[in-house]
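Peer 1: quick one: sequence plus predicted model below, questions after.
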Amino acid sequence: MSDRIAVDPPGPAATRVPRYFWPVAIFLALAALPALITDPFVLNMIMMSMLSAAAALAWNLSGGYAGQLSLGHAAFYGIGAYASTLLLLRAGISPLFGMLVGAGISALSAIVLGMITLRLKGSFFVMSTLAFGAVVHIGAMNFRDLTGGASGLAIPLNPSVVNLTFANKAVYVFIALGLVAAYYVATRLIAGSKLGYSLVAFRENHDAARALGIRTLPIRIGIFALSAGMTSIVGSLHAQYFLYIDPDSVMSLGLSLNFALMAIVGGLGTAYGPIIGAAVVTCVSLVMQIYLGNQVSGLTQLAYSAIVIVVLLSLPTGLGPGLRDALGRRFGWRP
Amino acid sequence: MATLTTDGLTKSFGGLRAVQDVSFVARPGRILSIIGPNGAGKTTVFNLLTGFIAPDTGSVRLGDMNLAKLSPEDRCRAGLARTFQVVQPFRGLSVLDNVVMGAMLRTSSIAEAREAAASVLDELGMSRLKDMRAGSLPIGDRKRLEMAKVLATRPSVLLLDEVMGGLIPIEVQRMISFIHGLRDRGLAVVVIEHHMSAVMRLSDEVLVLQNGQPIAHGSPQEIGRDPKVLSAYLGPNFQVDGGH
Amino acid sequence: MDIYVQLALSGLFVGGIYALISVGLTLVFGVLRVVNFAHGEYLTLAMFLTFFLFHQLGLDPFVASLIVVPILFVLGLITERLLIRRTLEAPHVVQVFVTFALSLFLQNLFLVLFTSDFRTVRTDYATAAFEIGPFYISWLRLIAFAASIALTVALALFLKHSYMGAAIRATAQDRRSARLVGIDVDRIYALTFAIGCALVGAAAVLLAPLYPVNPYTGADLILVAFVAVVLGGMGSIAGATLAGLLIGVIESFSSYFLGGEMKQFVYFIVFMAILSLRPVGFFGRKGAEVMDVT
């Protein structure tokens, strides 16, 4: 776990630009995209990577900083999607409120799950979250009266802000971008706080953390709940964008795995890592889908999993920190 | 500043009596050394004091507070801090961030914790190392980092588990003066040490353990003359003034 | 009353196979300290092998086991050498996600090669059964159960009485000391991983006439094995066996009374309940899976 640090170390004073220069510049550039790009396929691709980036950022708070490698986060994503959708369909409640309800339910489930499983060491925790994700998925499949089962739920297209439904898909991209920016800022704030430091201390060396008086269990449950709630909100937005959800699209194991892998590929326990990871993974899978996709099913995933293995074994800190180190060595440049 | 009192600490692992009936008082402004051959139970005593292991019988009190029910982290918050014999740095983090982890205990602001950490590093003469990765430090610096992390929690009782192992003589001398400085500030210090001449120069009193049992307790001079200690631990040919 | 006994029996029989799958997983964890998230895909692979040997060469599954099990053993050796060994000293996240990505890789490889169609090994004795009093017992299930238990016992005896077994146990206890007394720890890792794969190969041969196979069969079954391994106490072979049998019985009862889809619900709840009451599982050593936290 070498180069993952809690906060960005200060660079040499002479070459230093204001602290938030690069993130702000990049987000502003991204914000121009939906206005410039009208091609629906590309716009959809951008939206997908925004949703993924937001979910990966949420996962990273617990998985990256605290090292709590959950493989059940799709359950929270799904809870968010179903909560806002069901409240809208059954009770006419605005998804703006429904997503908060979903986030609350997700956070509460995370607290209960965390109280039981966060006492377990690494692999046991992973397996427990795996089981949790599977059970929520099975539940959504089988409680048909509530969830519509495998046939899913469709949201009628009644564009309005209260319905969080828009005819112009570009609007969703702005909202998702805002969410990514908010999650990024939240990550930076947490990483630079006592909470973030305490989580990193736990991740790096549990006994040493305890010997320094750091109480880890409450904050680990807390960050797990926060991460679950944040994931849930992305799930609600997913439902509003596609106007259709079913258990496979919003709570599959593959989705959980994707959140985790994006954070890992980009750089675990860094604020920018999940964003880089989401962008890279989305672009690579799209390119692969274009060139390999329609010939044989499974080929894209096959290539993807092979790439993941290679990245993990050769660049275990992820592409972000890896590139940053390389650039730092070459040009003395620290973004 | 508080007094650490232990009474009748006993712990068995399976059939092995690791620690048996150990009692002592560590007072503010005093340095108590615990010595004994390998396997005498010294580190187990520290684990019992800090709550990493629960004793079978016996009590640990800090001032008026009974620590029995407290976790290691809560004991540290109460002012009882330790170092580990096998140093436990946060390897992936910078030296400064390692010490910040300790300093956070006394402030909720990271900026303040960084200042506090920097001043502890300065006291230990480690300022120039602050941006290095802890995992890449040589052993001597790691021992000092272990000490820095713990001092940053501002303890009233400090338990030091072989902080001089692996240090060269000049570093040992510096460490001794440093620990004397801590004593003079009013800390109660308990030291486990193998380094005999260091123990003799460092301590106000010495407790000798053998097979988990206390066999002698007194000033360094008394211990140095105690025939039981000489034969059991120091060996028949040991000379108190003979260095190591 | 009879129905309960019948349910318990059929649960036990399935549980025997679960036990065999779980034992391989727990053995690998006990020795290498790695959870092989791709364990289920080795099961799928072996079931496909059994299917093709049956279908193309007309080999009975029990005969095919003589080919399938050694192939799985060798594949285990290769996997350990190429992947697992590289992760042993790596951060935890690498360990988890390398085997997970391997699982994904194999699943999709099967998908590319064999499509997602279900394939069944149809033996003419598949439905053969006999009755004892009111109970109806399938020969095939009984044999699968007996063979599973026999293999588990054989493994336990091997670990207990052979030199290699002692070396494996020593490595599981303390790899540093094992190295010091001259045990070739790397070889033990390879051997253990290969034995884990061979066991799951044997389970696959026994399952093939009972379950249809497609690329996701192993992934569906492996969740049961994870639950069994944690319940039994990570690394405990007796525990995994017992938990495997128990889950078989729980499953059989819950699918009868609550319907097949609810069975996973029930054993998840049992799983959570046991974790909260006794996090080390039935036979786990304290400290193996629980952190001392407050």
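Peer 2: Cool, got the structure. All values derive from a computational prediction rather than experimental measurement.

Peer 1: go through stretch A:153-173 and flag the buried ones.
Peer 2: A:Leu153, A:Ile155, A:Asn163, A:Leu164, A:Thr165, A:Phe166, A:Ala170, A:Val171, A:Tyr172, A:Val173 (16 or more other CB atoms under 10 Å in any protein chain shown). (C-beta placed from N, C-alpha, C; glycine too.)

Peer 1: which ones among those lie within helices?
Peer 2: A:Ala170, A:Val171, A:Tyr172, A:Val173 (DSSP state H).

Peer 1: what's the closest non-adjacent residue to the third one?
Peer 2: In this case it means A:Tyr172. In this structure, A:Tyr172 finds its nearest non-sequential neighbour in A:Tyr241, 4.7 Å apart by CB to CB, 6 or more residues apart in numbering or on different chains.

Peer 1: same check, this time on the last one
Peer 2: Nearest non-adjacent residue to A:Val173, counting by CB to CB, 6+ apart: A:Pro34, 4.2 Å away.

Peer 1: hang on, B:Leu32 is in a strand, isn't it?
Peer 2: Yes: using DSSP: H, G, I helix; E, B strand; the rest coil, the assignment for B:Leu32 is a strand.

Peer 1: what's the following helix or strand after the helix or strand hosting C:Leu102?
Peer 2: Assigned by DSSP states H and E, C:Leu102 belongs to helix C:92-114. Sequence-wise, the next helix or strand downstream of helix C:92-114 (DSSP H and E) is strand C:129-132.

Peer 1: list the buried residues in the longest helix along chain A.
Peer 2: In chain A, assigned by DSSP H, the helix with the most residues is helix A:217-242. By neighbour count on 16+ other CB under 10 Å, the buried set for helix A:217-242 is A:217, A:219-242.

Peer 1: which strands or helices does it pack on?
Peer 2: Contacting helix A:217-242 under the criterion 3 or more CB pairs under 8 Å, 6 or more residues apart in numbering or on different chains; DSSP states H and E are the following elements: helix A:40-60, helix A:73-91, helix A:95-117, helix A:169-191, helix A:194-204, helix A:247-251.

Peer 1: okay, now the residue in chain B positioned nearest to chain C: neighbour count?
Peer 2: Residue nearest to chain C within chain B: B:Ser71 (3.9 Å; CB to the nearest CB). Using other CB atoms under 10 Å in any protein chain shown, B:Ser71 has 19 other residues around it.

Peer 1: hmm, it is touching B:Gly51, no?
Peer 2: Yes: here B:Ser71 reaches B:Gly51: they are 5.7 Å apart, a contact under CB atoms under 8 Å.

Peer 1: residues touching the nearest residue to B:Lys130 once chain neighbours are set aside, list them.
Peer 2: Distance criterion CB to CB, 6+ apart; nearest residue to B:Lys130, sequence neighbours excluded, is B:Leu96 at 4.1 Å. Residues near B:Leu96 by CB atoms under 8 Å, 6 or more residues apart in numbering or on different chains: B:Arg114, B:Ala117, B:Ala118, B:Leu121, B:Lys130, B:Asp131.

Peer 1: again, but for A:Pro218
Peer 2: Contacts of A:Pro218 (CB under 8 Å, 6+ apart): none.

Peer 1: confidence score at it?
Peer 2: Note for A:Pro218: predicted pLDDT of 93.

Peer 1: any idea how far it lies from A:Phe224?
Peer 2: From A:Pro218 over to A:Phe224 the distance is 11 Å, taken as CB to CB, to the nearest Å.

Peer 1: same deal with C:Ala238?
Peer 2: 33 Å.

Peer 1: and B:Leu230, by the same measure?
Peer 2: Following CB to CB, the distance that separates B:Leu230 from A:Phe224 is 57 Å.

Peer 1: Three-state assignment for the residue nearest to C:Phe97 when sequence neighbours are not counted, please.
Peer 2: Nearest-residue entry for C:Phe97: A:Leu312, 5.7 Å, with adjacent residues in sequence omitted and distances by CB to CB, 6+ apart. Put simply, A:Leu312 is helix when judged by three-state DSSP.

Peer 1: so how far is A:Ile26 from A:Lys121?
Peer 2: Counting by CB to CB, the gap from A:Lys121 to A:Ile26 is 38 Å.

Peer 1: then A:Phe174?
Peer 2: Relative to A:Ile26, and taking CB to CB, A:Phe174 is found at 15 Å.

Peer 1: what do you get for A:Ser62?
Peer 2: From A:Ser62 to A:Ile26 the distance is 25 Å (CB to CB).

Peer 1: give me the more crowded residue out of these two.
Peer 2: Legend: neighbour count by other CB under 10 Å for A:Ser62 and A:Ile26, higher for A:Ser62 (28 against 15).

Peer 1: dump the residue contacts of the residue nearest to the more buried one when sequence neighbours are not counted.
Peer 2: Distances taken as CB to CB, 6+ apart place A:Ser227 nearest to A:Ser62, at 3.8 Å, with adjacent residues excluded. Residues in contact with A:Ser227 (CB under 8 Å, 6+ apart) are A:Ala58, A:Trp59, A:Leu61, A:Ser62, A:Gly63, A:Ser70, A:His73, A:Ala110.

Peer 1: who wins on neighbours among those residues?
Peer 2: Result: A:His73 is most packed of the contacts of A:Ser227 (other CB under 10 Å), 34 neighbours.

Peer 1: related to what we said a few turns ago, which of the contacts of B:Leu96 fall in helices?
Peer 2: B:Arg114, B:Ala117, B:Ala118, B:Leu121.

Peer 1: before we move on, which element is the closest residue to the second one other than its chain neighbours in?
Peer 2: So that's B:Ala117. Counting by CB to CB, 6+ apart, B:Ala117 lies nearest to B:Val99, which is 3.7 Å off, once chain neighbours are set aside. Assigned by DSSP H and E, B:Val99 belongs to helix B:95-103.

Peer 1: residue contacts, residue 219?
Peer 2: Using chain A. Contacts of A:Ile219 (CB under 8 Å, 6+ apart): A:Leu195, A:Ser198, A:Leu199, A:Phe202.

Peer 1: other chain: chain B
Peer 2: Per CB under 8 Å, 6+ apart, neighbours of B:Ser219: B:Asp204, B:Glu205, B:Val206.

Peer 1: pLDDT added to those residues, as a markdown table?
Peer 2: Listed next are the contacts of B:Ser219 as a markdown table, based on pLDDT from 0 to 100:
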| residue | pLDDT |
| --- | --- |
| B:Asp204 | 93 |
| B:Glu205 | 93 |
| B:Val206 | 92 |
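
Peer 1: and the gap between the residue in chain A that chain C sits nearest to and A:Val308?
Peer 2: As assessed by CB to the nearest CB, chain C sits closest to A:Gly298 within chain A, at 3.4 Å. Separation of A:Gly298 from A:Val308 (CB to CB) stands at 15 Å.

Peer 1: if we can go back for a sec, closest to chain B out of the ones in helices among the buried residues of stretch A:153-173?
Peer 2: A:Val173 (34.6 Å).

Peer 1: that closest one contacts A:Met45, doesn't it?
Peer 2: No: contact criterion CB under 8 Å: A:Val173 and A:Met45 do not qualify, at 10.4 Å.

Peer 1: determine which two of the buried residues of stretch A:153-173 are furthest apart.
Peer 2: Maximum pairwise distance among these (CB to CB): 24.6 Å, between A:Leu153 and A:Ala170.

Peer 1: which of the contacts of B:Leu96 has the largest number of neighbours?
Peer 2: B:Ala117 (26 neighbours).

Peer 1: what comes up buried for stretch B:111-128?
Peer 2: For stretch B:111-128, by 16+ other CB under 10 Å, it's B:Ala113, B:Arg114, B:Ala116, B:Ala117, B:Ala118, B:Val120, B:Leu121, B:Leu124, B:Met126.
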